[in-house]
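Q: The amino acid sequence is not available; the structure is as follows:
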């Protein structure tokens with residue numbers, strides 16, 4: 001009897017937490033969870049699918065205004081995505097992480113950055129340069145990687161630990177280094193990764 005009461009209370013706790021998160025975000029799918037502490041900026045523009053896990057110390061920001069200029073920042077995280085601790089995701093446009101992608105710890109993903117054209121202004125006060133950044137289905141982003149604005153990471157591609165990705169990575173490819181370069185691609189005929 002005591003175990004049933006404890007199980008019931010745990011179920012109620014998860015239900016209440018889900019209701020709170022559901023109303024705080026643009027969308028919050030079933031069986032998804034986020035571990036505190038988190039830093040969320042404009043969470044109503046963050047859409048989270050089903051079965052998503054976001055570990056603690058993540059920082060997600062949707063830029064809707066900067067220096068008096070409007071932006072359309074939104075983050076869309078599709079079903080089955082796993083985001084490990086201490087990740088920073090920032091959007092000034094629509095930044096998508098497609099289903100079943102894995103984002104390891106200490107990863108930075110952005111679709112915008114500050115320009116530095118006006119020498120009279122501090123760097124942080126300058127206009128944002130916004131591009132399109134996308135992580136496709138099943139991609140794996142290694143620990144400490146940096147995905148810079150304007151990059152698409154291809155379907156089932158692998159980004160090595162600490163890589164800095166400045167250009168698109170095609171589907172079924174591996175990229176490593178600073179700046180990141182394609183080092184392998186999957187050969188479907190040979191059924192193995194081939195060095196490029």
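A: Arrived safely. Since we're looking at a predicted model, the values are computed, not measured. Numbers count the residues shown, from 1 in each chain.

Q: In stretch 129-140, which residues are buried?
A: Under the neighbour-count criterion of 16 or more other CB atoms under 10 Å, stretch 129-140 has 130, 133, 134, 135, 136, 137, 138, 139, 140 buried. C-beta here means a position set from N, CA and C on the backbone, and glycine is covered the same way.

Q: got a list of what the closest residue to residue 32 other than its chain neighbours touches?
A: Closest residue in space to residue 32, ignoring its immediate chain neighbours: residue 52 at 4.0 Å, by CB to CB, 6 or more residues apart in numbering. Residue 52 makes contacts with 29, 32, 33, 77, 79, 80, 81, 82, 83, as judged by CB atoms under 8 Å, 6 or more residues apart in numbering.

Q: same deal with residue 168?
A: Going by CB under 8 Å, 6+ apart, the list of residues near residue 168 reads 151, 152, 153, 154.

Q: repeat for residue 25
A: 43, 44, 46, 47, 48.

Q: Sort out for me which of these are in strands.
A: 46, 47, 48 (DSSP state E).

Q: Now tabulate the residues you listed in TSV and tack on distance to residue 179 and neighbour count.
A: Output for these, formatted as TSV (distance: CB to CB, whole Å; neighbours: other CB atoms under 10 Å):
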residue	distance to residue 179	neighbour count
46	29	25
47	30	18
48	31	27
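
Q: burial count for residue 70?
A: Other residues within reach of residue 70, judged by other CB atoms under 10 Å, total 9.
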